[in-house]
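# Okay, predicted coordinates and the sequence, questions at the end:
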Amino acid sequence: MTSILQFILAVAAGFIALCWSANRLVDVASTLAFRLGMPLLTIGVTVVAFGTSAPELMVSSVAAYNGSGGIAIGNVVGSNIVNIGLILAIGGLIAPLVVKARIVYRELSILLVATLATALMLMDGVLSVWDGIILSVAFFAYCFYLLKSSAGQEGEQDIPVLPISTLRASVECLVMLVILVLGSQLLVWGARGVALAMGVNELIIGLTLVAFGTSLPELAAVVVSARKGLHDMTAATVIGSNIFNILGVLGVSGVIGQDITVDAEALRIDILMMVVMAVLLAIVVYSGKASFDAEKQHGNLPVSVWKVSGYKCLILLFTYAAYLVWLIMNVS
């Protein structure tokens with residue numbers, strides 16, 4: 001029988017793997033952006049954001065294939081709530097977020113539309129095959145538009161560049177993403193074992209730990225990006241990851257699951273909270289334009305930049321904390 005010490009060691013090893021690989025991922029992704037002449041935020045909403053969403057894709061796809069529709073959909077909904085309410089908030093508290101116009105007008109708008117559309121799809125309690133196909137087509141269209149619109153744009157010049165080739169940077173990106181995924185799975189396994197050994201309700205573990213655990217790669221990448229001052233990467237990773245979760249992960253799950261039946265009553269508050277967090281994020285970001293206008297006059301910030309201060313990130317964090325308290329109180 002596995003002892004609690006082994007679970008604790010797994011948690012420690014998972015954290016070490018996450019911290020190291022996330023730090024390296026940000027460096028090599030920045031280098032890759034420079035080598036390819038791509039804007040850093042393009043790498044953030046593609047390589048890093050999609051890659052760190054691999055745990056959600058694996059968990060939800062397997063759950064959908066095995067007929068566990070609640071887990072498949074709940075994982076995506078919970079992860080999107082965690083990404084905004086906890087991960088982005090933490091990144092903003094470490095270093096105030098500075099969001100460029102492209103993220104504000106394109107990625108954030110796409111996230112809002114995708115979130116609202118998905119909520120409407122799930123109101124009937126079924127994620128049908130056609131729903132999955134629509135989401136998947138929208139996801140591929142978004143990827144195509146992303147790559148096409150980034151062509152010809154000048155790359156960032158004020159980012160850390162490692163003395164490595166483009167090929168090595170690409171390979172290291174993939175390797176670091178794999179380590180991120182494996183590290184997160186090891187950490188979730190260990191934390192779940194510790195919780196069960198201490199007699200914590202397994203339902204609470206499933207509702208909180210699965211969503212949080214699959215979001216650990218985003219957390220690691222965002223924290224490292226924020227500490228390095230890569231503001232484009234911080235915001236782009238979270239927003240891009242949420243878009244991937246809704247369009248990509250739910251799309252694949254809907255196609256694989258063959259009409260997933262959802263307990264609409266049980267997920268009603270969670271789906272509502274996912275919408276609330278997306279709208280609240282938009283309000284927090286858009287309200288930063290006032291700060292932008294004031295500081296632009298003094299030449300402190302470039303044109304078309306929105307600043308999200310720490311206290312606004314606290315609003316996101318407190319909203320998530322209130323949801324978490326409600327969740328625990330209602331399942332205990």
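Everything's here; your move.
# Now do the contacts for T31.
Shown in contact with T31 (Cβ atoms under 8 Å, 6 or more residues apart in numbering): 160-162, 164, 169. In this view, the C-beta of every residue, glycine as well, is placed from N, C-alpha and C.
# quick one: least confident of the residues you listed?
Lowest in pLDDT among the contacts of T31 is P160, which has 59.
# Contacts only, for A282.
With contacts defined as Cβ under 8 Å, 6+ apart, A282 is in contact with 108, 112.
# Quick check: phi and psi at it.
The phi and psi values for A282, taken as degrees, to the nearest 10, are phi -60, psi -40.
# quick one: it from L116, how far?
11 Å (Cβ to Cβ, to the nearest Å).
# Also Y286?
With Cβ to Cβ as the criterion, Y286 and L116 are 16 Å apart.
# Are any of the contacts of T31 buried, and if so which?
161-162, 164, 169 (16 or more other Cβ atoms under 10 Å).
# Rebuild the residues you listed as JSON lines, extending it with distance to L88.
Putting the buried ones among the contacts of T31 into JSON lines (distance: Cβ to Cβ, whole Å) gives the following:
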{"residue": "V161", "distance to L88": "26"}
{"residue": "L162", "distance to L88": "26"}
{"residue": "I164", "distance to L88": "29"}
{"residue": "A169", "distance to L88": "26"}
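# Of those residues, which belong to helices?
A169 (DSSP state H).
# Tell me the one among the buried ones among the contacts of T31 nearest to V129.
Closest approach between those and V129, by Cβ to Cβ: A169, at 38.7 Å.
# Wait, the closest one touches R35, no?
Yes. Counting by Cβ atoms under 8 Å, A169 does reach R35; the two are 6.1 Å apart.
# Nearest residue to M58 in space, please, no chain neighbours.
In this structure, M58 finds its nearest non-sequential neighbour in V181, 7.6 Å apart by Cβ to Cβ, 6 or more residues apart in numbering.
# Quickly find the element holding the one you found.
Here V181, judged by DSSP states H and E, is contained in helix 166-197.
# what distance separates that helix from the centre of its chain?
Helix 166-197 has its C-alpha centroid displaced from the chain centroid by 15 Å (Cα atoms, centre = their mean, to the nearest Å).
# quick one: buried residues of it?
Buried-residue list, helix 166-197, by 16+ other Cβ under 10 Å: 169-170, 172-173, 176-177, 179-181, 183-195.
# Stretch 16-27 too?
Result for stretch 16-27 [16+ other Cβ under 10 Å]: buried residues 17-18, 20-27.
# Distance of S241 relative to L88?
10 Å.
# Please, where are all the strands along the protein?
Remark: strands assigned in the chain by DSSP state E are 97-100, 126-127, 260-261, 305-308.
# Ok, which of those comes nearest A226?
Proximity to A226 (Cβ to Cβ) singles out strand 97-100 among the strands of the chain, at 8.0 Å.
# mind saving the C-alpha coords of that closest one as CSV?
Output of strand 97-100 as CSV, limited to C-alpha atoms (Å, rounded to 0.1, in the frame of the first residue of the first chain):
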residue,chain,number,x,y,z
LEU,A,97,-0.6,43.3,-15.9
VAL,A,98,0.0,45.4,-19.0
VAL,A,99,-2.3,44.2,-21.8
LYS,A,100,-1.9,45.3,-25.5
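# which strands and helices sit next to it?
Contacts defined by 3 or more Cβ pairs under 8 Å, 6 or more residues apart in numbering; DSSP states H and E place strand 97-100 against helix 231-243, strand 305-308.
# want to throw these into CSV with mean pLDDT?
Below are the helices and strands packed on strand 97-100 laid out as CSV (pLDDT from 0 to 100):
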stretch, mean pLDDT
helix 231-243, 79
strand 305-308, 74
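# ok so, going back, just the closest of the contacts of T31 to K312, please.
Once Cβ to Cβ is applied, the member of those that ends up nearest K312 is P160, at 27.2 Å.
# And the pLDDT at the nearest residue in space to R24 that is not next to it in sequence?
Leaving out its chain neighbours, the residue that sits closest to R24 by Cβ to Cβ, 6+ apart is M176, at 5.2 Å. On pLDDT, M176 comes in at 85.
# same deal with T46?
66.
# same thing with I256?
For I256, pLDDT reads 88.
# Tally up the residues packed near the residue nearest to it when sequence neighbours are not counted, please.
The shortest distance from I256 to any residue other than its chain neighbours is 4.7 Å, reached at A64 (Cβ to Cβ, 6+ apart). A total of 26 residues lie near A64 under the criterion other Cβ atoms under 10 Å.
# so A64 touches G257, yeah?
Yes. Contact criterion Cβ under 8 Å: A64 and G257 qualify, at 3.6 Å.
# Which neighbours do those two have in common?
With Cβ under 8 Å, 6+ apart, A64 and G257 have common neighbours A72.
# Nothing else from me, thank you.
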